[in-house]
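Q: my questions concern the predicted model and sequence given below.
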Amino acid sequence: MDLRVDTQGFKLTDAIRDYALEKILPRIEKHLHGDDTAAHAWLRDLSAHTHVYSCEVVLSLRGRRRIHVDERATELYKAIDKAADHLDEALGRDIKKKRTLARHRGRTVKEKTRNQIF
């Protein structure tokens, strides 16, 4: 799995790229375990005068599911940390929802086949 990092409003340095990769990638891999996933992170300076930074992460998962996270902070590294935390929560909710739906479908099949004699 690979994470593409782009910037707008400032130059992307190796330190910023490495920080984003070490904060965001482990959160994704913790939940997805090598699934085919496309990930893109946009780091932006939203205002040149007040320096409000945005970290936006978009994951494209199998089955046309998409997870989008956008966090803002006065420091770039704080925005990356907040986005990584929010992404971790969003992935956890998505996995839990997927698991719950699968269990619900299994219960429906059991109820339908319970009265049938084989």
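A: It's in. Numbering: from 1, shown residues only.
Q: pLDDT on stretch 58-73, on average?
A: Mean per-residue pLDDT for stretch 58-73: 84.
Q: got the contact list for that stretch?
A: 28, 32, 35-40, 46, 52-57, 79, 82-83, 86-87, 90-91, 94 (Cβ atoms under 8 Å, 6 or more residues apart in numbering). Using the backbone N, CA and C atoms, a C-beta is placed for each residue, glycine as well.
Q: if we go to 6 Å?
A: 36-40, 52-57, 79, 82-83, 86-87, 90 (Cβ atoms under 6 Å, 6 or more residues apart in numbering).
Q: for stretch 20-28, same thing?
A: 3, 5, 41, 80, 84, 87-88.
Q: of those, which one scores lowest on pLDDT?
A: For the contacts of stretch 20-28, the weakest pLDDT value sits at Leu3, with 80.
Q: which non-adjacent residue is nearest that residue?
A: Closest residue to Leu3 in three dimensions, ignoring its sequence neighbours and counting by Cβ to Cβ, 6 or more residues apart in numbering: Ala39, at 4.5 Å.
Q: do Lys82 as well
A: Lys82's closest residue in space is Glu71 (Cβ to Cβ, 6+ apart), at 3.9 Å.
Q: Lys11: which of the contacts of stretch 20-28 is nearest?
A: Val5 (12.3 Å; Cβ to Cβ).
Q: report the beta-bridge partner residues of that closest one.
A: Ala41 (DSSP bridges).
Q: cool, Val58 as well?
A: Here Val58, judged by DSSP bridges, has bridge partners His40, His68.
Q: re earlier: for the contacts of stretch 20-28, work out which two are farthest apart.
A: Val5 and Asp88 (17.9 Å).
Q: quick one, which of the two is more surrounded?
A: Val5 (20 against 17; other Cβ atoms under 10 Å).
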